[in-house]
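S.K.: structure for this input, please:
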Amino acid sequence: MHNVVVVNNLKKTYSNKIALRDVSFQMPKGRVLGILGPNGSGKTTLIKILAGITHQENGEVMIEGKAPGKETKAMVAYLADRNTMYNSFSIREAINMFKSFYDNFNEDKAEELLKFMKLNPEDKVGTLSKGMKEKLHLLLVLSRDAKLYILDEPIAGVDPVARDQILDAIINSISQDSTLLITTHLVRDMERIFDDVIFISDGSFILTGEADSLRLEKNMSIDELYKAIFS
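M.R.: Model prediction:
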């Protein structure tokens, strides 16, 4: 099976605090991986390294056989900072700005997601609720024809109605060739879309596996397993 992501013995520290401790994993093409852990567990550091925003100290990171850099940034769809969408812009202007940044932006996909999310392209970004901003953020990421999609806490702080819509948008956008990495601590709402999961705490992986196999082996849902590990 073709691996889109290969990580070996990855380590990262910030001011003497270890953010990642020798973590290793692989992501096969076409799978959805959930990286699950409380805030401060190392999830964001890991995805920023994969996105080419932060550099590792030790270890190997390969995306489609290449180390993170200019080439891999074109393959990875990740919006680092939700606040980069200028509040004075309309939704349409935000989409056009994003389109100008990326050659692989798919306008048809963006239009479909606009309708599905019930976003008004004329609305100003600054007037949107948190849930609507999260939908726009997701639209921008999922509208790219990328090799790897990274979604960092895509439903955090979003009301249950918007949460369901965001999940449906993610599911509808997943093709057999799409590889998705999703970080979350809201496991119950998201676990149905995970093929594989990694539980992370204090920069270390404490349990990894195929979601269905773990459910059978432990005789509990991924959410129940999360609570058992972190409570």
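
S.K.: what are the buried residues along the helix or strand of the chain with the lowest mean pLDDT?
M.R.: Scoring the helices and strands of the chain by mean pLDDT, DSSP states H and E places helix 160-173 at the bottom, with a mean of 86. Under the neighbour-count criterion of 16 or more other CB atoms under 10 Å, helix 160-173 has 162, 163, 165, 166, 167, 169, 170, 173 buried. C-beta: built from backbone N, CA, C; applies to glycine.

S.K.: for residue 146, give me its contacts.
M.R.: For residue 146, the contact set (CB atoms under 8 Å, 6 or more residues apart in numbering) comprises 75, 76, 77, 104.

S.K.: now list the buried members of those residues.
M.R.: Buried members of those, scored by 16+ other CB under 10 Å, are 75, 76, 77.

S.K.: what about the last one, distance to residue 145?
M.R.: To residue 145, residue 77 is 9 Å away according to CB to CB, to the nearest Å.

S.K.: what about the buried ones among the contacts of residue 146, which are in strands?
M.R.: Counting by DSSP state E, the buried ones among the contacts of residue 146 place 76, 77 in strands.

S.K.: export the buried ones among the contacts of residue 146 as CSV, with columns for pLDDT and distance to residue 129.
M.R.: Putting the buried ones among the contacts of residue 146 into CSV (pLDDT from 0 to 100; distance: CB to CB, whole Å) gives the following:
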residue, pLDDT, distance to residue 129
75, 92, 32
76, 95, 28
77, 94, 24
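
S.K.: can you map out the strands along the protein?
M.R.: Assignment of strands within the chain using DSSP E yields the ranges 3-14, 17-28, 32-36, 58-63, 76-77, 148-152, 179-184, 196-201, 204-210.

S.K.: will you turn the ones you listed into CSV that also has distance to residue 140?
M.R.: As requested, those are exported to CSV (distance: least, CB to CB, whole Å):
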stretch, distance to residue 140
strand 3-14, 21
strand 17-28, 22
strand 32-36, 19
strand 58-63, 20
strand 76-77, 9
strand 148-152, 11
strand 179-184, 15
strand 196-201, 25
strand 204-210, 30
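
S.K.: which ones are touching the most centrally placed residue in the chain?
M.R.: The residue lying closest to the centre of the chain (CA atoms, centre = their mean) is residue 151, at 1.8 Å. With contacts defined as CB under 8 Å, 6+ apart, residue 151 is in contact with 138, 141, 170, 180, 181, 182, 183.

S.K.: the fifth one - how many residues pack around it?
M.R.: So that's residue 181. Residue neighbour count, defined by other CB atoms under 10 Å, stands at 27 for residue 181.
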